[in-house]
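S.K.: got a sequence here, can you model it:
(2 chains)
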Amino acid sequence: MYYMGVDVGSVSTDIALIDKNYKLIEKIYLRTKGNPIKAVQEGFKILKSKYYDSEITAAGTTGSGRMVASAIIGADVAKNEITAHATAALEIDKDVKTIIEIGGQDSKIIIINNGIVTDFAMNTVCAAGTGSFLDRQAERLDIPIEEFGDYAAKAVSTVRIAGRCAVFAESDMIHKQQLGYAQAEIIRGLCDALVRNYINNIGKGKTILPKVLFQGGVAANKGMKTAFENELGFEIFVPENYDMMGAIGAAIIASEKVIKTGKTRFRGFKLADNNIFSRSFDCEGCPNKCEVVKIYENNNIIGYFGDRCTKWSSKTGEITKLA
Amino acid sequence: MKVGIPKGLMYCKYHPFIVTFFSELGAEIIVSEDTNKNILDAGVKYCVDDACLPVKIFHGHIDSIKDKCDILVIPRIMQLWKNEYICPKFCGLPEMVINSFDRLPVTITEPIYATSKKKLYCWAKTSGKFLRKNNHEIKRAFVNALNAQKDHKTGIDDSGYEINITLTGHPYNIYDSFLNMNLINKINKLGMGIKTAEFTEEDILYQEAENLYKRPFWTFVREIYGFALNAAKEKKADGIIYVSSFNCGTDSVIIELIKNSLPDFPFLILKIDEHTGEAGINTRIEAFRDMLERRLFNESHISTLG
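M.R.: I've put the predicted structure just below:
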């Protein structure tokens, strides 16, 4: 008996299976690579050989791709990332007061008081200072993203990089690099800049109290953890499954939902072999011209998304009730 | 004579006045459609790049009616209340529009000072002359237009919801459902009732703003700040949702003032721009609802809705 959580983020797709004591049994971390459907299928291919459908008694999705993922896997709940992350964090540590979560295109701060989320903030319309930006810089410098943090740790001193905007930061980095600064120092400077930006922008007006959990894909970057500690002046903690927290939270929430509904809507791992693809079209029904996405499974339409009037999405009945 | 009225910016609040005035003067009124993708695309194409989204959308509305009318009304709203001003983009709106399009019909761009009937009548008198009407006809249209505006009530005051929020921000961001991605509907669907500023007396809005270290220069600052403060104090709502267009100068001031005065009150800022992907805005509203629910009911359960 396992609960499954699927976190479809902009950069990675994470699948977590937890047991009834909410202990992590299985984790799969995949790159979304711009195709959330394929990423979920790839994950299911791995799981299919290890688990029976009947072993999954609840399934939840989260992340910016949660609606599509929910439709294709038949999730019991599609939950926002803030609640999912807070749920998972509180499960491992009741004393957590602040959650710093930096993912592919979002960064968040969640303030918790007595086990309840009392405040949160997210980056606004722009994704400066998030994982996708670090990814892009790693690629530009031809350093595997996994080693990015180690480079920062090697630096003896730091270089100041403009952190407010990803484009500004990139030009600043290139200018410094062309002046001959060492790569390690530039990378450390970048970490410092991102932390400065986070504290001054997302964390503005919020008191960051310990205990702080640092989660999301960027938490893998030791340079970022150190930069946060230097800025805040106390230790911050990266949970063991920092990259799975969203998925774990979604699984926990799904398990609570199934207690109420009595039965999971999970459609099984077979979808790994099915031909799932999407087509989008501009609806001509009114001048809004919504871009509607149709999701097909073996030529059957299993879901519609993206219409404002629900003319299309209501056709998918149960699936879109979550929308 | 066809008079074109763009359905952008303060149209949402003052359309009864402006439409009645010109139709009473015998004009055929051409109002642009509700904001849609074509209007947005045209707005982005013609407007200066630095402007905020509502101003761009206003340009889109102009584009959609400019060839269908003989006279185009571009309201230059200067003042609504004494000693206060409206956003500078409103003062320069006609210039922005006129210089962004190659060919426009005759434009009415008289400044609007709505601080008294007498001052507002100055606008009516000059504008009415465009339709070759005499003072008597203009006066009559003006009185009828004022009455139409008086009888018109806008605003949302939901009841019957367990969780209530105040929806604050500039009216053209709140009431344009295309621009804000159907926000009102989204909030209601998530089980939250909405209160907007229109049901709070102007006197109260003034009173709340008196606590500030100086009298606000902008009308929007006083009204939005006053409402947010009053709603929190009187427990009219459990949280504030502030819808703000990216780049808005007055919002950057109001948001900080509210945060400073209400440090512990739940406050969600939704920044909107040209985005039509709704995942970001959905995540924020859903998480805010979850947070309010748990703050209010302090239950150990997590909402499994949405």
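S.K.: tell me the secondary structure at residue 4.
M.R.: As the question left the chain open, I've gone with chain A. Following DSSP: H, G, I helix; E, B strand; the rest coil, residue A:4 is assigned to strand.
S.K.: try again with chain B
M.R.: Secondary structure, three-state DSSP: residue B:4 is strand.
S.K.: likewise residue A:86?
M.R.: In three-state terms, and counting by three-state DSSP, residue A:86 is helix.
S.K.: residues contacting residue B:33?
M.R.: With contact set as Cβ atoms under 8 Å, 6 or more residues apart in numbering or on different chains, residue B:33 has these partners: A:287, B:7, B:39, B:64. For the C-beta atoms, the positions are set from N, CA and C on the backbone; glycine is no exception.
S.K.: which of the residues you listed tops the neighbour count?
M.R.: Neighbour counts for the contacts of residue B:33 peak at residue B:39, which has 27 neighbours (criterion: other Cβ atoms under 10 Å in any protein chain shown).
S.K.: what's the mean pLDDT across whatever helix or strand that residue lives in?
M.R.: Assigning secondary structure by DSSP states H and E places residue B:39 in helix B:37-46. The predicted model gives helix B:37-46 an average pLDDT of 93.
S.K.: chain B contacts on the stretch 101-250 of chain A?
M.R.: Listed as neighbours of chain B in the stretch 101-250 of chain A under the rule Cβ under 8 Å from any Cβ of the partner chain: A:106, A:116-120, A:122, A:124-125, A:205.
S.K.: least confident pick among those residues?
M.R.: Taken together, these show their lowest pLDDT at residue A:125, with 61.
S.K.: domain assignment for the chain?
M.R.: This is for chain A. The record assigns chain A these domain ranges, following automatic domain parsing: A:1-92+A:241-273, A:94-238, A:275-323.
S.K.: oops, I was thinking of chain B
M.R.: Domain segmentation of chain B under automatic domain parsing yields B:2-151, B:163-297.
S.K.: of the ones you listed, which shows the lowest average pLDDT?
M.R.: Going by mean pLDDT, the lowest-scoring of those is domain B:163-297, which has a mean of 91.
S.K.: what parts of chain B come near chain A?
M.R.: Near chain A, the residues belonging to chain B are B:33-34, B:36-39, B:178, B:181-182, B:246, B:259, B:263-264, B:266, B:269, B:271-273, B:275-276, B:278-280, B:282-284, B:286-288, B:290-291, B:294-295, B:298, B:301-304, B:306 when assessed by Cβ under 8 Å from any Cβ.
S.K.: are any of those residues buried, and which?
M.R.: B:36-37, B:39, B:178, B:181-182, B:259, B:266, B:269, B:271-272, B:278-280, B:282-284, B:286-288, B:290-291, B:294-295, B:302-304, B:306 (16 or more other Cβ atoms under 10 Å in any protein chain shown).
S.K.: picking that back up, deepest of the domains of chain A, which one?
M.R.: Counting by mean count of other Cβ atoms under 10 Å in any protein chain shown, domain A:1-92+A:241-273 has the highest mean neighbour count of these, with a mean of 22.
S.K.: quick one: distance of it to the chain centre.
M.R.: Relative to the mean C-alpha coordinate of its chain, domain A:1-92+A:241-273 is positioned 12 Å out (Cα atoms, centre = their mean, to the nearest Å).
S.K.: repeat that for stretch B:121-131.
M.R.: For stretch B:121-131, the separation from the chain centroid amounts to 24 Å (computed by Cα atoms, centre = their mean).
S.K.: buried residues in that stretch, which are they?
M.R.: Judged by neighbour count (16+ other Cβ under 10 Å), stretch B:121-131 contains these buried residues: B:121, B:123-124, B:127-128, B:130-131.
S.K.: hmm, back to that, now, which of the buried ones among the residues of chain B next to chain A lie within strands?
M.R.: Among those, the members found in strands (DSSP state E) are B:269, B:271-272.
S.K.: just the strands from chain A, written as ranges.
M.R.: Per DSSP E, chain A has strands spanning A:2-8, A:12-18, A:24-31, A:56-62, A:77-78, A:98-102, A:107-113, A:116-122, A:212-215, A:276-282, A:291-297, A:300-305. These are given in chain order.
S.K.: before we move on, what about the stretch 151-300 of chain B?
M.R.: Assignment of strands within the stretch 151-300 of chain B using DSSP state E, counting those that start in this stretch yields the ranges B:163-169, B:192-195, B:239-245, B:267-272.
S.K.: for the third one, packing partners?
M.R.: Taking 3 or more Cβ pairs under 8 Å, 6 or more residues apart in numbering or on different chains; DSSP states H and E as contact, the helices and strands that strand B:239-245 lies on are strand B:163-169, helix B:171-174, helix B:219-233, helix B:249-261, strand B:267-272, helix B:279-297.
S.K.: quick one: strands adjacent to it?
M.R.: Each strand paired with strand B:239-245, and its direction, by DSSP bridges: strand B:163-169 (parallel), strand B:267-272 (parallel).
S.K.: pretty sure residue A:169 contacts residue A:163?
M.R.: Yes - using Cβ atoms under 8 Å, residue A:169 makes contact with residue A:163 at a distance of 5.7 Å.
S.K.: hmm, back to that, how about JSON lines for the strands paired with strand B:239-245, with distance to residue B:137 added?
M.R.: Converted to JSON lines, those look like this (distance: least, Cβ to Cβ, whole Å):
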{"stretch": "strand B:163-169", "distance to residue B:137": "38"}
{"stretch": "strand B:267-272", "distance to residue B:137": "42"}
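S.K.: so which residue of the stretch 201-323 of chain A comes closest to chain B?
M.R.: residue A:287 (3.5 Å; Cβ to the nearest Cβ).
S.K.: ok so, going back, residue A:101: which of the strands paired with strand B:239-245 is closest?
M.R.: For the strands paired with strand B:239-245, distance to residue A:101 was read as Cβ to Cβ. The smallest value, 17.0 Å, belongs to strand B:267-272.
S.K.: can you check what angle separates that closest one from helix B:249-261?
M.R.: For the pair strand B:267-272 and helix B:249-261, the angle between their directions (axes from the mean of the first three to the mean of the last three Cα atoms, to 10 degrees) equals 170 degrees.
S.K.: dump strand B:267-272 to CSV, keeping only the CA atoms.
M.R.: This file holds the C-alpha atoms of strand B:267-272, laid out as CSV (Å, rounded to 0.1, in the frame of the first residue of the first chain):
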residue,chain,number,x,y,z
PHE,B,267,-1.9,39.8,2.1
LEU,B,268,-1.5,38.3,-1.4
ILE,B,269,-0.1,40.3,-4.3
LEU,B,270,-1.0,39.1,-7.8
LYS,B,271,1.2,40.7,-10.5
ILE,B,272,-0.3,40.6,-13.9
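S.K.: next, the contact list for residue 104, please.
M.R.: Here I'm looking at chain A. Residue A:104 sits next to A:9-12, A:32, A:130-132, A:135, A:217 when contact means Cβ under 8 Å, 6+ apart.
S.K.: hmm, no, I was thinking of chain B.
M.R.: For residue B:104, counting by Cβ under 8 Å, 6+ apart, the contacting residues are B:62, B:66, B:72, B:97-98.
S.K.: got it, and residue B:105?
M.R.: Residue B:105 makes contacts with B:4, B:66, B:69-72, as judged by Cβ under 8 Å, 6+ apart.
S.K.: now those residues: which count as buried?
M.R.: A residue is treated as buried here by neighbour count (16+ other Cβ under 10 Å); on that basis the buried members of the contacts of residue B:105 are B:4, B:66, B:69, B:71-72.
S.K.: which ones are touching the nearest residue in space to residue B:103 that is not next to it in sequence?
M.R.: If the residues on either side of it in the chain are set aside, residue B:103 comes closest to residue B:66, at 7.6 Å by Cβ to Cβ, 6 or more residues apart in numbering or on different chains. With Cβ under 8 Å, 6+ apart as the criterion, the residues that contact residue B:66 are B:4, B:72, B:101, B:103-105.
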